[in-house]
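*Asks:* Pasting the sequence and the predicted model now:
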There are 2 protein chains.
Amino acid sequence: MATETTQPRRARVPLNGVDTPTLFGTLDVVKGQPELAKFQFRARNRWQSGTLSETTIESFSGAGAEHAHKTTFKMNGDHPAVLVGEDRAPLPIEYLLHALASCITGGIANIAAARGVALSAVESHIEGDINLLGIFGMSKEVRNGYQGIRASFSIKGDAPPEKLQEIVEQSRARSAVFDVLTNGVPVDLAVNVG
Amino acid sequence: MATETTQPRRARVPLNGVDTPTLFGTLDVVKGQPELAKFQFRARNRWQSGTLSETTIESFSGAGAEHAHKTTFKMNGDHPAVLVGEDRAPLPIEYLLHALASCITGGIANIAAARGVALSAVESHIEGDINLLGIFGMSKEVRNGYQGIRASFSIKGDAPPEKLQEIVEQSRARSAVFDVLTNGVPVDLAVNVG
C-alpha cells in the first residue's frame, strides 16, 4: 500500500492503550483544518482557609467547539507544616513537577504507539530545588521559583535502547509543559476588589 | 514595644486560618540561619495506560531536614477524548493553571494575615491559550506550550480596595509558580533505558 510506503512507522492498530488509528485520524483532520488546533484550558480556584484552596477544572474549548470533561475535576493546594500550613494537599509548586512528569509520560505512550513500540514500563523521578530566601524577601539575588529541575525517566519496551531513548527525547521535544517550564509564558493578572 | 514600633503591620494573632505568630517565628529563624531556606521538592510518576499516568508526592527536604507529607498524595494526568485520551484525569497542562491559582491564593491568605486583614473571599479564573499545531509538529512558528495565560483574581476583605489590591500584587510578586511560569527554569532530563 502506498500509505504504508510513505509512512512506514505508522502503526495502524491500538498499542499501549493508545487508540492509534484515532490518533492518526485526528492528525489528518487537523492538517486539513489547522484552526481546529486552537485550544483554551481553564481553571477556577476558591480560597478555603489558611493556605488551602480548591481548584475546579471542568471545561475547555478546542477543535472548534466547547467541551466538558467527563468528570468535574477538583484539586487542592496547601503548604506543609514546616511552611506554616496544615499539609492538607500538595504545594502548588509540587504540582509543576507532576505536570512535567505526566506530560512527558503521556507523550511517550503516544509516540511509542505511533512508532509501533509496545511499552512495558515508564517511570520518572522529578526534583526541583528552591531557595525560599527569594519568596521570604530576604535576598534580592535569589529568585522566587525553582532554581533548577532534574527529571530522570526510565523506559522499558520491545525496541532497541536507542529507539526507546529517541521516544523519550521526541516526547520532551513536543511537550507543552516542558516548553512552558523552560521558556516561560506571558501571564496577565487582573484584580477585582470588593 | 520596640518590636511593634519597627514592624507596625505585623499582626500577632492567627487570622484567615493562618498561624501568624508561627509564620513570623519561622521568618525570624530563617533570617538567623539562611541555609534553612533551601528546599527540594520531589515527585515520582508511573505510566498506567494510554496517556494516563499517576504521580506520587510524599517527601521533601528543607529547613535542614527531610520531611514526609502528612499524607502520601497521588494524582493523575490524562488526555480528554478530543485529544485521543480517556479523560480519566486533568491534562498535565491544566495542572499548571491550578498551580498558579493556588500559589497566588495561598500567598494572599498569608500576606493578608500578616497585614492584619481578614479575608472573606478569594476567587480566581485562569485561562491558557494553546495552539496544538506546535505539539503536532505541523508548524515551526507555533510553540508547544501556552501562548499566553490570563489570571483574574477577585478578593473581598475588611480593608480598603487599594490595600486588598496591594495584597494580591504582593502575592504575585512573591509567587514561586508565577516566577517559574513567566521566567522559565532550567530542566535537565536524563533517560535510563532497559
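*Replies:* Thanks, I have it.
*Asks:* Give me the neighbour count for A:Ser59.
*Replies:* A:Ser59: 14 surrounding residues under other CB atoms under 10 Å in any protein chain shown. Any C-beta I mention is one placed from the backbone N, CA and C, and that applies to glycine too.
*Asks:* where does the spatially closest residue to it that is not a sequence neighbour fall, phi/psi-wise?
*Replies:* The shortest distance from A:Ser59 to any non-neighbouring residue, by CB to CB, 6 or more residues apart in numbering or on different chains, is to A:Ala68 (5.3 Å). The phi/psi pair for A:Ala68 (degrees, to the nearest 10) reads phi -100, psi 140.
*Asks:* So A:Ala68 is in contact with A:Ser61, correct?
*Replies:* No - contact between A:Ala68 and A:Ser61 fails when scored by CB atoms under 8 Å: they sit 10.7 Å apart.
*Asks:* Neighbour count for those two, which is higher?
*Replies:* Neighbour totals were compared for A:Ala68 and A:Ser61, and A:Ser61 leads with 15 against 11 (other CB under 10 Å).
*Asks:* any idea what sits nearest the more buried one, other than its immediate chain neighbours?
*Replies:* In this structure, A:Ser61 finds its nearest non-sequential neighbour in A:Gln40, 4.7 Å apart by CB to CB, 6+ apart.
*Asks:* my guess is the one you found is in a helix, correct?
*Replies:* No - secondary structure of A:Gln40 (DSSP: H, G, I helix; E, B strand; the rest coil): strand, not part of a helix.
*Asks:* Tell me the confidence at it?
*Replies:* Confidence at A:Gln40, expressed as pLDDT, is 98.
*Asks:* same thing with the one 4 residues further on?
*Replies:* The score at A:Arg44 is 98. That number is its pLDDT.
*Asks:* ok, now how distant is it from A:Met75?
*Replies:* Using CB to CB, to the nearest Å, A:Arg44 is found at 12 Å from A:Met75.
*Asks:* Kindly report the same for A:Arg150.
*Replies:* Going from A:Arg150 to A:Met75 by CB to CB gives 24 Å.
*Asks:* A:Val168 now?
*Replies:* Counting by CB to CB - A:Val168 and A:Met75 are separated by 27 Å.
*Asks:* where do the helices sit along chain A?
*Replies:* Secondary structure of chain A (DSSP state H): helices at A:2-6, A:20-32, A:92-114, A:161-173, A:176-183.
*Asks:* Just put those in a markdown table and tack on distance to B:Asp19.
*Replies:* Output for the helices of chain A, formatted as a markdown table (distance: least, CB to CB, whole Å):
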| stretch | distance to B:Asp19 |
| --- | --- |
| helix A:2-6 | 64 |
| helix A:20-32 | 50 |
| helix A:92-114 | 19 |
| helix A:161-173 | 41 |
| helix A:176-183 | 32 |
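*Asks:* hang on, the earlier thing: more neighbours: A:Arg44 and A:Met75, which one.
*Replies:* A:Met75 (24 against 19).
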